[in-house]
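Q: Predicted structure and sequence below. I'll ask about it afterward.
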Amino acid sequence: EAQVTQNPRYLITVTGKKLTVTCSQNMNHEYMSWYRQDPGLGLRQIYYSMNVEVTDKGDVPEGYKVSRKEKRNFPLILESPSPNQTSLYFCASSFLGQAGNEQFFGPGTRLTVL
Amino acid sequence: GQNIDQPTEMTATEGAIVQINCTYQTSGFNGLFWYQQHAGEAPTFLSYNVLDGLEEKGRFSSFLSRSKGYSYLLLKELQMKDSASYLCAVTEGLLKAAGNKLTFGGGTRVLVKP
């Protein structure tokens, strides 16, 4: 089954404790992206990747890191989480190039930073 | 940059029709998506418009007017399962990766009542 998976689905952590949210897709997509979703603000892009070893900042990259060592995986790293990073996070992927390429979203990770 | 506006919430009756409007201001328009998102779940693709006019897909239709910076999503024969948020998203730019970047509005929560 074609899908995007994320782990963990739920996480409660404390300020300053490094964490990683994994994202994996099995559709051979070049493009992968991380979004956060907050009430009233909609989905905002954190980082994106066009292919292996090619990543770039989205609209709200502060406090986050990513890596793309393999085509299928795109982990999101919070080196020192803070309460303002409490949010619902989505990973998405698509083929690259055409503007109309549908993005497929993972199930989401609900993160709470205390 | 982009500014995308859609109503926060709408209520409609089962079997009726609802129209969700989306207006946008963008420096380089490259297409508009509509996604459906049930509470706590991932967004799922509904439609993509890049040319002016109406695209019909079953009970759902999407319209675009590029000169007016305006789109709407029309939901006909509403069912209870249509209760969800509907997200308008715009792509812009000429670069390969830019064609995949989605900028979302805040979403419109639709409540279908019996």
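A: Ah, there it is.
Q: In contact with the residue most central in space within chain A, which residues?
A: Nearest to the mean C-alpha position of chain A, by CA atoms, centre = their mean, lies residue A:34 at 2.8 Å. For residue A:34, the contacting residues are A:23, A:45-48, A:58, A:64, A:66, A:74, A:76, A:89-92, by CB atoms under 8 Å, 6 or more residues apart in numbering or on different chains. All C-beta spots, glycine's among them, are computed from the backbone N, C-alpha and C.
Q: Excluding chain neighbours, give the residue nearest to it in space.
A: Distances taken as CB to CB, 6 or more residues apart in numbering or on different chains place residue A:46 nearest to residue A:34, at 4.3 Å, with adjacent residues excluded.
Q: cool, residue B:7 as well?
A: In this structure, residue B:7 finds its nearest non-sequential neighbour in residue B:108, 5.2 Å apart by CB to CB, 6+ apart.
Q: and what of residue B:67?
A: The nearest residue in space to residue B:67 (CB to CB, 6+ apart) is residue B:52, at 7.6 Å.
Q: residue contacts, residue B:82?
A: B:75, B:110, B:112.
Q: Go again with 10 Å.
A: Going by CB atoms under 10 Å, 6 or more residues apart in numbering or on different chains, residue B:82 touches B:12, B:14, B:18, B:36, B:38, B:59-60, B:75-76, B:110-112.
Q: coming back round to it: just the element for the residue nearest to residue A:34, please.
A: Per DSSP states H and E: residue A:46 is located in strand A:42-51.
Q: what comes into contact with the very next helix or strand once past that strand?
A: Going down the chain from strand A:42-51, the next helix or strand is strand A:54-57, by DSSP H and E. Residues from elsewhere that reach strand A:54-57, judged by CB under 10 Å, 6+ apart: A:30-32, A:45-50, A:61, A:64-68, A:74, B:97, B:101.
Q: what packs against the helix or strand following strand A:54-57?
A: Using DSSP H and E, the helix or strand that follows strand A:54-57 in sequence is strand A:65-66. Counting contacts by 3 or more CB pairs under 10 Å, 6 or more residues apart in numbering or on different chains; DSSP states H and E, strand A:65-66 is packed against strand A:31-38, strand A:42-51, strand A:54-57, strand A:76-78.
Q: Give me the residues contacting strand A:65-66.
A: For strand A:65-66, contacts defined as CB under 10 Å, 6+ apart pick out A:20, A:23, A:32-34, A:46-49, A:55-58, A:74-79.
Q: where in chain B is pLDDT low?
A: Counting by pLDDT under 70, the ranges of chain B that qualify are B:1-2, B:93-99.
Q: one more time with 80, if that's ok
A: B:1-2, B:27-28, B:92-100 (pLDDT under 80).
Q: Equivalent analysis for chain A, please.
A: Scanning chain A for pLDDT under 80 picks out the ranges A:97-100.
Q: 90 - rerun?
A: Applying pLDDT under 90 to chain A flags the ranges A:1-2, A:39-42, A:96-102.
Q: do you know how far residue A:21 is from residue A:31?
A: 18 Å (CB to CB, to the nearest Å).
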